[in-house]
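J.: Dropping a prediction and its sequence here:
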Amino acid sequence: MKRNAIFLALASSLILAGTGLAQEQIGDTRTALQKWVETRQMTSKLRADWAAEKELLGESIKMFERESKNLDELIAKVDSGNEVARKEFADQKKLDEEFKAAVEKVKTLVVGLEQKTLTLAKTFPAPLAEKLSDFVKRIPEDPANTKLSVGQRVQVLVAILAEADKFNSAITVTSELRKNSAGTEIQVRTIYLGLAQAFYVDKEGKLAGVGTPSAEGWQWSTEPALGPDITKVLAMYENALPATFVGLPVKIQ
């Protein structure tokens, strides 16, 4: 009886022990199954996310490829443009050098013309010299040290020579003062035949003479005998007398 009781107790203990072990295994299995389900769900989500990301990445890759192509084309254009710019720069530099060389040549010519013009200005008669005095003063005394540009210096020369040519192509009558034999200044009227020669006479026709240009300025000599003829020439010039031939001595230089 006692053995049966012990056997039953031992069997009961084994059954209880087996039941506890089974329950523990079932709990582990349930936990593992739950983890597996969670893992599957996570895997599915990752696959779905990857599919969406893959499509987005694919579009991004295509966009970057297009941008890369556009950038390559732009770089090619820039390189081509740089080549054109370098050529244009080289051409411009060459033109600048040619321009500077031309300016230097013009400067040399201008210096020579200025010296000749100053020499010519000394031969200008008083009316023309007075009219051009401001322009003549603008010709630099030292060509290497002047604030005037080459263009400004050329303009001065053109103004002087144009006015001189105008005077030389016309007959000019003006009032001036000349000394008589007693050294007294008398007002006379002078008729300039361009820049070649001039005649003067006072209102009485007694003080008369001839003027000619020289390197030191105009030289004047008295010729009283020419008084009547010079008076006639002036009268014809002013339309006070009809035009007739009047012989006056002209000196050819």
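T.: Received it, and whenever you're ready, just let me know what you need.
J.: For the rest of this, base every contact and every neighbour count on C-alpha atoms.
T.: OK.
J.: Show me how the record splits the chain into domains.
T.: 103-166, 171-237 (automatic domain parsing).
J.: in the stretch 51-200 of the chain, which spans are strands?
T.: 171-179, 185-193, 197-202 (DSSP state E, counting those that start in this stretch).
J.: Identify the residues contacting residue 124.
T.: 195, 213, 217, 218 (C-alpha atoms under 8 Å, 6 or more residues apart in numbering).
J.: Keep only those of the residues you listed that are in strands.
T.: Among the contacts of residue 124, no member falls in strands (DSSP state E).
J.: Nearest to residue 243 among the residues you listed?
T.: Distance ranking of the contacts of residue 124 against residue 243, using C-alpha to C-alpha, places residue 195 first at 22.8 Å.
J.: which one is that closest one nearest to, not counting chain neighbours?
T.: Using C-alpha to C-alpha, 6 or more residues apart in numbering and skipping residues adjacent in sequence, the residue nearest residue 195 is residue 168, 5.0 Å away.
J.: For the one you found, give me its contacts.
T.: Residue 168 makes contact with 193, 194, 195, 196, according to C-alpha under 8 Å, 6+ apart.
J.: okay if I get the residues you listed as JSON lines plus distance to residue 131?
T.: Below are those laid out as JSON lines (distance: C-alpha to C-alpha, whole Å):
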{"residue": "193", "distance to residue 131": "17"}
{"residue": "194", "distance to residue 131": "15"}
{"residue": "195", "distance to residue 131": "14"}
{"residue": "196", "distance to residue 131": "18"}
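J.: Just the buried subset of the contacts of residue 124, please.
T.: 195, 213, 218 (16 or more other C-alpha atoms under 10 Å).
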